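Asks: Fold the following and give me the result.
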Amino acid sequence: MNVLSALLDSASATLVLCIEAIILNIVSEEKTIKSKFIIAILITAVFGFASEFYYDTSPTTIKLFFAFTSGFSSCFLMWFSRTNYKFSDALAILIVQEFCALIYSVTYAALPMHITESMCVRAACRLIVVSVIMIIALIIYCKVKAQNKKLKNILNIIPKHVYIFMLLSLFIESGVITMLSYDTSYSDGGIYFVRLLMFILTVINTVIIITLLISVVYQKYSDNLNQILRQQVDSQLRHYEKREKLNTEIRGFRHDFNNHVKCLESLLAMEKYSEADRYLQRISNMMPSGEFLFQTGNYIADAILTETQESFENINVKFDGFIPENIDNSDLCIVLSNAMNNAAEACCKLPGDNTISVFGNYQQGIFVLIVKNPTIQKVHLTDVMPNTSKSDKESHGFGLSNIQRVVKKYNGAMHTQLQDEIFTLSLTLTVNQPVFTS
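Replies: Have a look, this model is predicted:
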């Protein structure tokens, strides 16, 4: 029994509880109740002192009880001292505990063995490690609070299985490092157990890495899709603004229509037919045109084609055929926007004026879309995904892949061909019934 080491361990346990509260205040919107948290600190201090003071003289069952209840007792005390408590909060608390244990194990293993034989030295080492972590946590908390960063509810974003794998990984790493601190050369069982832990640790870390890779790929895909949808919204807004401008011009013309009619009646009554004819021609030129650049049968397609035509001075967009309205707006935007963006990108590399030809047709539930554009490439390719030529290759290159995904959704087919310096994208979509959008 060593009172000093028990007091040091009690202080370490109390600091760990404070670190857990700081971390939860950073990443969670729930607040810590000060009066209950003070009670939790006192309970932790007493429990930490008792577990260390009676550890050497306690039976094995009591030692196991202290070992397995330390983590759950912190979870219970934090639940007691907060306004609300979630499963992710408990996992975060356990991760903080295992992280502190891992840092302590690394520090303990780095020290000479003759120094760490003393219980007081081990307890002091644990207290120093926890104090450093406490200072780092306070610095992070102050910076987050000063900059008003939005880190709340971050625990709900990370999947629960990632938390569990992180917890297991930290627990095993701490155990492996602790075991390596002892002389296991004369223990076959100890060596086997270390190898088993290393194997489990490798599997867990591999799963975490694969999960992170999948998350990165999905994030890239989501960013690209969101950009396309933003382009769709912008195109629709510009399309509606043009319609509103046209309606305003028509209302203004109607306001002056009666005056124009009276002028024409006066000229005709005075038999000034040539002047009436010239006046009529001037009125015709003043009349707002109700024709838009494209009349495809689908207002989304009208907006996308108009946007491409008006965004590039050296590109002429020609459309022939019909695009139905019973295709989901977002799917049509993905297909047509990517196709037009790729075609415009290829045309911008060529000198002079260039033409993008778009053909659409819809018969017996099958929608056909063909987009042709000139290109600087002179090779002959069929059904090959060309590489993006944009500088930001990580953010681009999803265009044709996204089109292909929509084609598969509609049980269709997609073909690409590069021949005679003309790139052709042709696809078919099966649209037997109208697709209603929410």
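Asks: What's the separation between the spatially most central residue of the chain and Leu225?
Replies: Nearest to the mean C-alpha position of the chain, counting by CA atoms, centre = their mean, stands Gln219 at 3.9 Å. Noted for Gln219: a distance of 11 Å to Leu225, by CB to CB, to the nearest Å. C-beta coordinates here come from the backbone N, C-alpha and C atoms, glycine included.
Asks: Next, count neighbours for the nearest residue to Asn205 once chain neighbours are set aside.
Replies: In this structure, Asn205 finds its nearest non-sequential neighbour in Ser169, 6.0 Å apart by CB to CB, 6 or more residues apart in numbering. Using other CB atoms under 10 Å, Ser169 is surrounded by 21 other residues.
Asks: which SSE is Lys378 in?
Replies: In the assignment (DSSP states H and E), Lys378 maps to no helix and no strand.
Asks: can you give me phi and psi for it?
Replies: Note on Lys378: its backbone torsions stand at phi -120, psi 10 [degrees, to the nearest 10].
Asks: What are the boundaries of the helices in the chain?
Replies: Per DSSP state H, the chain carries helices over the ranges 3-27, 34-53, 60-80, 87-110, 119-147, 154-157, 160-180, 188-269, 273-286, 299-311, 329-347, 399-409.
Asks: On the pLDDT front, check the residue nearest to Asn205 for me.
Replies: With respect to pLDDT, Ser169 scores 77.
Asks: Kindly report the same for Leu400.
Replies: Reading off the model, Leu400 has pLDDT 81.
Asks: just checking, it touches Asn338?
Replies: Yes: if you go by CB atoms under 8 Å, Leu400 and Asn338 touch, sitting 7.0 Å apart.
Asks: With neighbour numbers in mind, choose between these two.
Replies: Counted by other CB under 10 Å, Leu400 and Asn338 do not tie: Asn338 has more neighbours, with 22 against 18.
Asks: For that one, list the residues it contacts.
Replies: With contacts defined as CB atoms under 8 Å, 6 or more residues apart in numbering, the neighbours of Asn338 are Ile228, Gly399, Leu400, Asn402, Ile403.
Asks: So what's the residue count around Val96?
Replies: 22.
Asks: swap that for Thr424, sorry
Replies: Neighbour count of Thr424, defined by other CB under 10 Å: 15.
Asks: and it, what is it in contact with?
Replies: Listed by CB under 8 Å, 6+ apart, the contact set of Thr424 reads Ile370, Val371, Lys372, Thr416, Gln417, Leu418.
Asks: gap between the closest residue to Leu268 other than its chain neighbours and Cys75?
Replies: Closest residue to Leu268 apart from its sequence neighbours, by CB to CB, 6+ apart: Ala276 at 5.5 Å. Note on Ala276: its distance to Cys75, by CB to CB, is 92 Å.
Asks: How about Ile164?
Replies: According to CB to CB, Ile164 and Cys75 sit 14 Å apart.
Asks: ok, those two, which is more surrounded?
Replies: Cys75 (18 against 14).
Asks: Got the confidence number for the more buried one?
Replies: 71.
Asks: just Asn205 next, same as before
Replies: 76.
Asks: Then Val335?
Replies: Per-residue pLDDT puts Val335 at 90.
Asks: What is the burial count for it?
Replies: Using other CB under 10 Å, Val335 is surrounded by 30 other residues.
Asks: residue contacts, it?
Replies: Val335 sits next to Leu369, Ile403, Val406, Val407, Leu427, Leu429 when contact means CB under 8 Å, 6+ apart.
Asks: and which of these is nearest to Ile43?
Replies: Among these, Val406 lies closest to Ile43 (CB to CB), at 58.7 Å.
Asks: Mind pulling up the pLDDT for the residue nearest to that closest one when sequence neighbours are not counted?
Replies: Take Val406 and drop its neighbours on the chain: the residue closest to it by CB to CB, 6+ apart is Asp331, 4.8 Å away. Asp331 is assigned 86 on the pLDDT scale.
Asks: again with the one 10 residues further on
Replies: At Asn341, the pLDDT value in this model is 87.
Asks: is it possible to export the contacts of Thr424 to CSV including distance to Lys160 and neighbour count?
Replies: Output for the contacts of Thr424, formatted as CSV (distance: CB to CB, whole Å; neighbours: other CB atoms under 10 Å):
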residue, distance to Lys160, neighbour count
Ile370, 47, 18
Val371, 44, 22
Lys372, 50, 18
Thr416, 42, 18
Gln417, 47, 16
Leu418, 47, 17
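Asks: I'd like the residues you listed laid out as CSV, including distance to Lys349 and pLDDT.
Replies: Shown next, in CSV, are those (distance: CB to CB, whole Å; pLDDT from 0 to 100):
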residue, distance to Lys349, pLDDT
Ile370, 22, 95
Val371, 17, 95
Lys372, 16, 94
Thr416, 18, 90
Gln417, 19, 89
Leu418, 14, 88
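Asks: mind listing which of those are in strands?
Replies: Ile370, Val371, Lys372, Thr416, Gln417, Leu418 (DSSP state E).
Asks: now, among those, which is nearest to Ile93?
Replies: Nearest to Ile93 among those, with distances taken as CB to CB, is Thr416, at 53.6 Å.
Asks: I figured that closest one hits Leu425, correct?
Replies: Yes: using CB under 8 Å, Thr416 makes contact with Leu425 at a distance of 5.5 Å.
Asks: Report the set of residues contacting both of the two.
Replies: Listed as contacting both Thr416 and Leu425 by CB under 8 Å, 6+ apart are Leu400.
Asks: export the ones in strands among the contacts of Thr424 to CSV and tack on distance to Asn259?
Replies: As requested, the ones in strands among the contacts of Thr424 are exported to CSV (distance: CB to CB, whole Å):
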residue, distance to Asn259
Ile370, 50
Val371, 48
Lys372, 49
Thr416, 58
Gln417, 59
Leu418, 59
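Asks: Return the member of these nearest to Ser215.
Replies: Thr416 (30.2 Å).
Asks: The closest one and Val233: what is the separation?
Replies: Distance, Thr416 to Val233, by CB to CB: 28 Å.
Asks: what do you get for Asp256?
Replies: Distance, Asp256 to Val233, by CB to CB: 36 Å.
Asks: ditto for His415
Replies: Counting by CB to CB, the gap from His415 to Val233 is 30 Å.
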